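Trainee: mind folding the following:
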Amino acid sequence: MFGGEFFFIILIAFLLFGTKNLPEVVRGYAKFMATLKNATNEIKSEIQKSADIDGINSSIQQITSSVTQEVEKVKESVATDTGAIGQQVLKQTTEEVGAIQQNIEDIVEGPIKRQK
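Mentor: Residues are numbered from 1 along each chain as shown. Take a look at the predicted model:
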């Protein structure tokens, strides 16, 4: 995610949230992600403690690895869907910009088009 893709995401974020609200949105997202990460780590450590106490560590590791694989599949699916949505938004934006540009040219040229 470099260059054009990053610029496009920033542009969409500015359009959706505005320049005044964007820092608040990013802070809220970062807090949410940190909270989610902490909760995940706490749950993971509690499961690990329980597994060590009950002697079922190997089965928990198998379950954890299968859950991790499923989570990775979901991440890939979300990344693919996000890319498709981004391409669709870019296409629509490009079409709208073209229409606006044509309207501006029509306004500037007036009813009588200049001959080139």
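
Trainee: so what's the residue most central in space within the chain up against?
Mentor: Nearest to the mean C-alpha position of the chain, counting by C-alpha atoms, centre = their mean, stands Thr82 at 6.2 Å. With contact set as C-beta atoms under 8 Å, 6 or more residues apart in numbering, Thr82 has no partners. Bear in mind the C-beta positions are built from the backbone N, C-alpha and C, glycine included.

Trainee: for it, give me the pLDDT.
Mentor: Looking at Thr82, its pLDDT is 70.

Trainee: now it: which helix or strand?
Mentor: Element membership of Thr82 [criterion: DSSP states H and E] is helix 57-109.

Trainee: chain center to that helix: distance?
Mentor: 7 Å (C-alpha atoms, centre = their mean, to the nearest Å).

Trainee: do stretch 20-36 as well
Mentor: The answer for stretch 20-36 is 13 Å, by C-alpha atoms, centre = their mean.

Trainee: and the contacts of it?
Mentor: So stretch 20-36 is contacted by Ala13, Phe14, Phe17 (C-beta under 8 Å, 6+ apart).

Trainee: if you set the cut-off to 10 Å instead, what comes out?
Mentor: The contact list for stretch 20-36, computed with C-beta atoms under 10 Å, 6 or more residues apart in numbering, reads Ile10, Ala13, Phe14, Leu16, Phe17, Gly18.

Trainee: now Cys40: how far from Ile107?
Mentor: Wrong residue type there; residue 40 is Thr, not Cys. 55 Å (C-beta to C-beta, to the nearest Å).

Trainee: an error on my part: the question was meant for Val71.
Mentor: Taking C-beta to C-beta, one finds Val71 at 53 Å from Ile107.

Trainee: for Ala79, same thing?
Mentor: 42 Å.

Trainee: I appreciate the help and will end here.
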